[in-house]
Structures are given as structure tokens and as C-alpha cells.
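Visitor: this is the structure alone, sequence omitted:
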């Protein structure tokens with residue numbers, strides 16, 4: 001399931017309109033911020049073979065910890081646990097890939113470039129270097145953050161520059177879901193890092209990530225991991 005809408009290109013329509021064609025259609029709008037594709041990480045067959053192989057390995061490990069008089073019998077039992085060939089190719093665990101496809105916010109990109117230039121001049125690293133990526137994924141307020149950083153003297157704290165960004169509970173939401181799916185609790189650092197990421201991202205980017213939570217476990221976890229990889233600063 002995906003909330004990402006794959007919108008058609010309007011270039012052909014624009015060409016006909018500019019040429020004086022009287023027919024018109026509604027503008028399909030800007031391209032989506034992210035595109036999402038799905039594959040299969042493990043088929044039912046692969047998962048079955050892996051589980052069977054794990055049982056055989058455990059059997060042999062148990063044998064090695066047994067007494068010498070039962071060792072041969074134990075090995076005979078383990079050798080008889082041949083994993084059967086399977087033909088079921090249905091998908092057991094899905095894989096996900098997100099690609100940033102949205103248009104750049106020129107104001108965010110220009111301010112980001114100025115902040116990067118400041119960091120290079122100061123020999124510091126306070127902002128991510130990929131301003132094209134930032135201009136496609138970050139909210140409009142990011143321009144103010146970058147402009148503030150660009151005007152900050154070398155060695156000064158830039159903490160105040162991020163105050164214009166809204167608060168985020170992305171860490172709480174994703175960590176709560178991870179716990180529900182049996183992935184274990186997030187540590188404080190991971191939760192805080194997710195909250196920080198959520199403050200920067202555009203609302204539609206966040207909505208696409210939240211759509212992963214409608215998947216079943218462990219697909220939801222794989223989906224979220226792929227989304228975080230795609231949208232994180234570079």
C-alpha cells in the first residue's frame with residue numbers, strides 16, 4: 001500500500017497549448033516529492049529454507065555439547081533433517097525503495113549553498129552539503145535556518161538558528177511502532193535524531209513515510225528504514 005501518487009507529465013500538454021491548440025486539460029500539478037517502489041526481500045521458499053537450516057545447525061551444536069556415547073547417534077539424527085526443496089515463490093518479506101523526485105525550492109537551495117560556503121570558510125561542518133537534496137525534501141523554514149547559519153561567525157553556536165523549525169514527535173511515533181513490531185525500543189539518541197529529522201522535512205515527505213506504518217510487520221520496518229535512508233540529509 002502506498003500513499004505516493006505517481007503523477008503524469010504535463011510537458012506534452014504545455015507544448016500543445018503554447019502552439020495554439022484549443023483543446024485543454026487540467027494541469028496535473030508538480031511531480032511527487034518521493035516515488036516508492038516495492039520488491040521482494042525474501043520469498044516464502046527462502047524463509048522456509050533459512051528456518052530449516054537454522055534448526056539443523058542448532059541440532060549439530062547440541063550434539064557437540066553432548067556426551068561421547070550419544071555423539072554418533074545425535075549426528076545421525078541431524079543428518080536426517082534434510083531441508084526439503086520448496087516451490088512456493090510467494091513473497092514473505094517485502095523490500096522498499098524511495099527516490100527523491102520533487103522539484104527544488106530555489107530559496108532553500110540558495111540559502112543552503114551560502115551556509116555550506118560559510119562552513120568551508122570556517123573549516124566547520126554544521127549543515128549537510130547536498131543542497132539539491134535539501135531543496136527537494138526540506139520545508140520552507142529551512143531557508144531561514146541556512147540564512148542564519150551563513151551569517152554566524154566562525155566558532156559560534158548555531159543552535160538558535162534551528163529555533164524557527166517546528167517541533168516534531170517523529171521519534172516517539174516510529175519508536176513506538178518499532179516496539180509494537182518487536183524490533184525493540186529505540187535508545188534516547190535514536191529517538192532524538194528522528195525528532196530532529198522530522199523538524200526539517202516537508203509535510204508531504206513526512207506523510208509518505210507515515211504511510212509505511214499501515215504495512216504489516218516486518219514490512220513496515222523495512223519500509224520505514226528505506227524511507228529514512230532516502231530523506232536523511234546528505
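Guide: Cool, the structure landed. Treat the numbers as computed from the prediction; the structure is a model and nothing was measured.

Visitor: quick check, residue 190 in contact with residue 171.
Guide: Yes: look at residue 190 against residue 171 with C-beta atoms under 8 Å: they come within range, at 7.2 Å. Bear in mind the C-beta positions are built from the backbone N, C-alpha and C, glycine included.

Visitor: who has more neighbours out of these two?
Guide: Applying other C-beta atoms under 10 Å to residue 190 and residue 171 shows that residue 171 carries more neighbours, namely 20 against 14.

Visitor: all the strands of this structure, residue numbers only.
Guide: Listed from the start of the chain, the chain has strands (DSSP state E) covering 34-43, 91-100.

Visitor: those strands into CSV, with extra columns for mean pLDDT, mean neighbour count and distance to residue 53?
Guide: Putting the strands of the chain into CSV (pLDDT from 0 to 100; neighbours: other C-beta atoms under 10 Å; distance: least, C-beta to C-beta, whole Å) gives the following:
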stretch, mean pLDDT, mean neighbour count, distance to residue 53
strand 34-43, 90, 16, 13
strand 91-100, 93, 16, 15
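
Visitor: looking at the ones you listed, which is nearest to residue 79?
Guide: Comparing these by their distance to residue 79 (C-beta to C-beta), the top pick is strand 34-43, with 26.3 Å.

Visitor: coming back round to it: the strands of the chain: which one's closest to residue 184?
Guide: With C-beta to C-beta as the yardstick, what comes closest out of the strands of the chain is strand 91-100 (17.9 Å).

Visitor: so where's this structure uncertain?
Guide: Segments of the chain classed as low confidence (criterion: pLDDT under 70) are 1-31, 66-69, 88.

Visitor: just the helices in it please.
Guide: Listed from the start of the chain, the chain has helices (DSSP state H) covering 11-18, 44-64, 68-79, 106-122, 131-137, 142-150, 170-180, 188-200, 203-210, 219-231.

Visitor: mind putting those helices into JSON lines with distance to residue 35?
Guide: Rendered in JSON lines, the data for the helices of the chain read as follows (distance: least, C-beta to C-beta, whole Å):
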{"stretch": "helix 11-18", "distance to residue 35": "17"}
{"stretch": "helix 44-64", "distance to residue 35": "27"}
{"stretch": "helix 68-79", "distance to residue 35": "48"}
{"stretch": "helix 106-122", "distance to residue 35": "20"}
{"stretch": "helix 131-137", "distance to residue 35": "12"}
{"stretch": "helix 142-150", "distance to residue 35": "22"}
{"stretch": "helix 170-180", "distance to residue 35": "21"}
{"stretch": "helix 188-200", "distance to residue 35": "20"}
{"stretch": "helix 203-210", "distance to residue 35": "9"}
{"stretch": "helix 219-231", "distance to residue 35": "10"}
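
Visitor: ok, which of those helices comes nearest residue 36?
Guide: Shortest separation from residue 36 across the helices of the chain is recorded for helix 203-210, at 7.0 Å, computed as C-beta to C-beta.

Visitor: residue 72: which of the strands of the chain is closest?
Guide: Across the strands of the chain, residue 72 has its closest neighbour in strand 34-43 (35.4 Å, C-beta to C-beta).

Visitor: if we can go back for a sec, may I see the strands of the chain organised as a markdown table, with distance to residue 74 added?
Guide: Rendered in a markdown table, the data for the strands of the chain read as follows (distance: least, C-beta to C-beta, whole Å):
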| stretch | distance to residue 74 |
| --- | --- |
| strand 34-43 | 30 |
| strand 91-100 | 31 |
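
Visitor: quick one on the thing from earlier: looking at the helices of the chain, spot the one closest to residue 90.
Guide: Taking C-beta to C-beta as the measure, these were each checked against residue 90, and helix 44-64 came out nearest at 4.7 Å.

Visitor: many thanks, I have nothing further to ask.
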